[in-house]
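Engineer: just the structure for this:
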Amino acid sequence: MGRNHIDEIDRQIIRLLQENARTSIATIGKRITMSAPSVKERIVKLEEKGIIKGYHVSLNMDELDRGMTTFLLFKTEHCREFEAICKRSKWVTDLHRISGEYNFLLTIQTNSMVELNLLQESLMKFGVSKSFISTEKLFSNCIDV
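Structural biologist: Just a heads-up that it's a prediction; the model follows:
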């Protein structure tokens, strides 16, 4: 369990912000029957506690010509160099250190198998990989608080 305890009102605020982080404080107040200043105070406290870490843009990868999502498991003994090349890559959107047979899990956004192959070829010198192409994104960032 986390160090910061939140009540049901905080949970409602978080759910509304997860649906749309641009929802106005006044709208949130109306939805949970609370004054806007009280909602603002609660949001500030959630930010100060580190529960709300930021507000982000959700991109339509198809419209950016990056609609093919691939998950790549990677095993390497050259972790620092591998991390650096992943950070510079225009195709790697997420990099996780993981336990088990592989060291890393990457999320890759490309527009084609050609681009995916180019990336995989550039990473081959660091180790071995196993790739999984996503056929459909069912949901994202759905945290039940």
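
Engineer: any idea how far stretch 137-145 is from the chain center?
Structural biologist: The offset between the C-alpha centroid of stretch 137-145 and the centroid of the whole chain comes to 10 Å, using C-alpha atoms, centre = their mean, to the nearest Å.

Engineer: can you give me the end-to-end span of it?
Structural biologist: Using C-alpha to C-alpha, to the nearest Å, the end-to-end distance of stretch 137-145 comes out at 22 Å.

Engineer: and it, what's buried?
Structural biologist: Judged by neighbour count (16 or more other C-beta atoms under 10 Å), stretch 137-145 contains no buried residues. (Glycine included, C-beta is placed from N, CA and C.)

Engineer: any idea which element the residue lying closest to Ser131 once chain neighbours are set aside lies in?
Structural biologist: Using C-beta to C-beta, 6 or more residues apart in numbering and skipping residues adjacent in sequence, the residue nearest Ser131 is Leu72, 4.9 Å away. When elements are assigned from DSSP states H and E, Leu72 belongs to strand 68-76.
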